[in-house]
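Trainee: Sharing a model that was predicted from the sequence below.
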Amino acid sequence: MAADTAIHAEPSPLPRAAKWRALVELGGGYGLILLVLWAPRTARHPLSITAIIWIVIATSVSFDGLRTMGLRVSRPLRSAWIVPATLALAACAICVASVLGTLSLPRTCILFVQRYWGYAIWAAVQQFLIQDFFLLRLLRVLSAKHAAIAAALLFTLAHLPNPILTPLTLAWGLASCLLFLCYRNLYPLAIAHAILGITLAMTVPGHIDHNMRVGLGCLTYHQHHHLSQNPHTTSTSACVIAEAPTLRSSRHALP
């Protein structure tokens, strides 16, 4: 009953100025993210720094509280099922990929960590952006259900024009927003995001999902830049993750 009430709850009455500020914060941050994704390589670094500064300042100025942001959880066991359910889904995907011959596993645990630890961190950052930056601001101007849909759409649009990630991020964006409204726990969603992203990287060949690139990077992707015998590393819709040193070092670590 509590979860259903949370999803269907109407936004609390707010002054018009507060609603406009939420929209300005959201629009500015999201616009900068899109600029990073579609900018030439030489312009990405300054735009990424600008986007990070904007999001940090907006989050600090409009701080919603740790509990509202899902960072201080009163009943964590209520949402504990999310991670094992995601692991079960990942196991199914790995089994299917193994049968189809598309599975690409790192040879050792050390290589696995080297290849994907940077993405795991970025998955948590993405989940923070979806729930604590997009969704919480949309909740100030929309009902809970409509805010969840809008946040999922924003997340999805950031993954265009990748034909694999676009539908998958729509499904995950909506599911994660609804789960967040039910449980107000960001941690299992961040872990689930990392599991799903890493599973996708290991089960779908790079030439099919364009090495998980989005924006301009997806359009300019060339298969011959990624040797067919090497499993691709994850490189999603991040503002800075496509050029992150952690991912570059992961590529060097490929067998």
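Mentor: Nice, I can see it.
Trainee: hey, let's count contacts and neighbours off CA atoms from now on
Mentor: Will do.
Trainee: what number of residues lie near residue 76?
Mentor: Using other CA atoms under 10 Å, residue 76 has 13 neighbouring residues.
Trainee: Residue numbering should commence at 11 henceforth.
Mentor: Got it, the first residue is 11 from now on, which makes the last one we talked about residue 86.
Trainee: surely it meets residue 195?
Mentor: Yes - Residue 86 is within contact range of residue 195, at 7.1 Å (criterion: CA atoms under 8 Å).
Trainee: And the helices in the stretch 61-210 of the chain, which stretches?
Mentor: In the stretch 61-210 of the chain, the segments counted as helices under DSSP state H, counting those that start in this stretch are 92-110, 119-138, 146-148, 154-167, 175-193, 196-213.
Trainee: Against residue 77, how distant is residue 83?
Mentor: According to CA to CA, to the nearest Å, residue 83 and residue 77 sit 6 Å apart.
Trainee: Apologies, that question was intended for residue 191.
Mentor: Separation of residue 191 from residue 77 (CA to CA): 12 Å.
Trainee: Name the helix or strand for residue 39, please.
Mentor: helix 26-48 (DSSP states H and E).
Trainee: Need the contact partners of that helix.
Mentor: Residues from elsewhere that reach helix 26-48 (CA atoms under 8 Å, 6 or more residues apart in numbering): 53-54, 57-58, 60-61, 64-65, 68, 143-144, 147-148, 150-151, 168, 224-227, 247-249.
Trainee: Same check on stretch 55-66?
Mentor: With CA under 8 Å, 6+ apart, stretch 55-66 has contacts from 35, 38, 39, 42, 43, 45, 46, 143, 249, 250.
Trainee: Walk me through the regions of the protein where pLDDT falls short of the threshold, as ranges.
Mentor: The chain contains residues with pLDDT under 70 at 11-23, 232-265.
Trainee: hmm, back to that, quick one: which of residue 83 and residue 77 has more around it?
Mentor: Neighbours per residue (other CA under 10 Å) separate residue 83 from residue 77, with residue 83 holding more: 18 against 13.
Trainee: Could I get the phi/psi values of that one?
Mentor: The phi and psi values for residue 83, taken as degrees, to the nearest 10, are phi -100, psi 130.
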